[in-house]
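Dropping a prediction and its sequence here:
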Amino acid sequence: AQSVTQLGSHVSVSEGALVLLRCNYSSSVPPYLFWYVQYPNQGLQLLLKYTTGATLVKGINGFEAEFKKSETSFHLTKPSAHMSDAAEYFCAVSWNTDKLIFGTGTRLQVFP
Amino acid sequence: DTEVTQTPKHLVMGMTNKKSLKCEQHMGHRAMYWYKQKAKKPPELMFVYSYEKLSINESVPSRFSPECPNSSLLNLHLHALQPEDSALYLCASSRTGTGNTEAFFGQGTRLTVV
């Protein structure tokens, strides 16, 4: 079955440290890949997406992600965390359909 | 205008009430979605409208009834809800329903069923 997995429901980093949030999908056919961020009591905001082309994708707020087909992964990174990055992050995938499938989410905490 | 607007922001309703959630977008998007999100969980897809036709119904109970009056509007009619239906209801839209265009989300309606 096609699915998406986010390893680590909670990630804690110090301000200024590297952020790495993991996302893997299970399918022999690569999906379209998205990362969304959700701040408390708000909707979801797109950080970045991969559909075709360059496998290293840059998004908003200094985030980037790399699609690695051999590893079926689309991990999200940011070189230096800010306090304002504290939020819930969702990886999402779709396969040429209306249906967007979300991972279980990773809560990022940033400590001063 | 890159916004999806949802009203109301908060709603408290009794189990015998009838209410509606509304969603509007003016981006010319042809796919619109309803998601339900419980606390500390990812959004769960409920319904998808593609070109104003219902294309996906994820086995949602009939007490939830979607409606798409035109390409800019999406409603969710609620009737005889249960307390476990309390959640954040998110509306989203995308340019097409082919999966390769991102979904834009509204701020959600926080629904409490008492």
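On my side now, so go ahead.

Just give the nearest non-adjacent residue to residue 48, would you?
You didn't say which chain, so I picked chain A. Leaving aside its sequence neighbours, A:L48 sits nearest to A:G59 (CB to CB, 6 or more residues apart in numbering or on different chains; 2.8 Å). C-beta: built from backbone N, CA, C; applies to glycine.

The intended chain is chain B.
Spatial nearest neighbour of B:V48, chain neighbours left out: B:I56 (3.8 Å); criterion: CB to CB, 6+ apart.

Which residue ranges of the chain form strands?
Unless you meant another one, I'm taking chain A. Using DSSP state E, the strands of chain A run over residues A:3-5, A:10-14, A:19-21, A:24-26, A:32-38, A:44-50, A:56-58, A:64-68, A:73-78, A:87-94, A:101-102, A:106-111.

The intended chain is chain B.
Using DSSP E, strands in chain B cover B:4-7, B:10-13, B:18-25, B:31-37, B:44-50, B:53-57, B:64-70, B:73-79, B:87-94, B:103-105, B:109-113.

same for the fifth one, what does it pack against?
Going back to what we said before, that points to strand B:44-50. Counting contacts by 3 or more CB pairs under 8 Å, 6 or more residues apart in numbering or on different chains; DSSP states H and E, strand B:44-50 is packed against strand B:31-37, strand B:53-57, strand B:64-70, strand B:73-79.

Quick one, which of the strands of chain B gets closest to A:D85.
strand B:103-105 (18.8 Å; CB to CB).

Okay, now the unreliable bits of the chain?
Assuming you mean chain A. For chain A, applying pLDDT under 70 flags no range at all.

To clarify, I was referring to chain B.
Counting by pLDDT under 70, chain B contains low-confidence residues at B:1-2.

What residues does it have near chain A?
B:4, B:31, B:33, B:40-43, B:45, B:48, B:50, B:55-56, B:88, B:90, B:92, B:97-100, B:102-108, B:110 (CB under 8 Å from any CB of the partner chain).

If we use 7 Å, what do you get?
Residues of chain B lying close to chain A by CB under 7 Å from any CB of the partner chain are B:31, B:42-43, B:45, B:48, B:50, B:55-56, B:90, B:97-100, B:102-103, B:105-108.

Buried ones among the residues you listed?
Among the residues of chain B next to chain A, the ones that count as buried by 16 or more other CB atoms under 10 Å in any protein chain shown are B:31, B:42-43, B:45, B:48, B:50, B:56, B:90, B:97, B:99-100, B:102-103, B:105-108.

For A:Y39, give its distance to A:Q2.
Remark: distance between A:Y39 and A:Q2 (CB to CB, to the nearest Å) = 28 Å.
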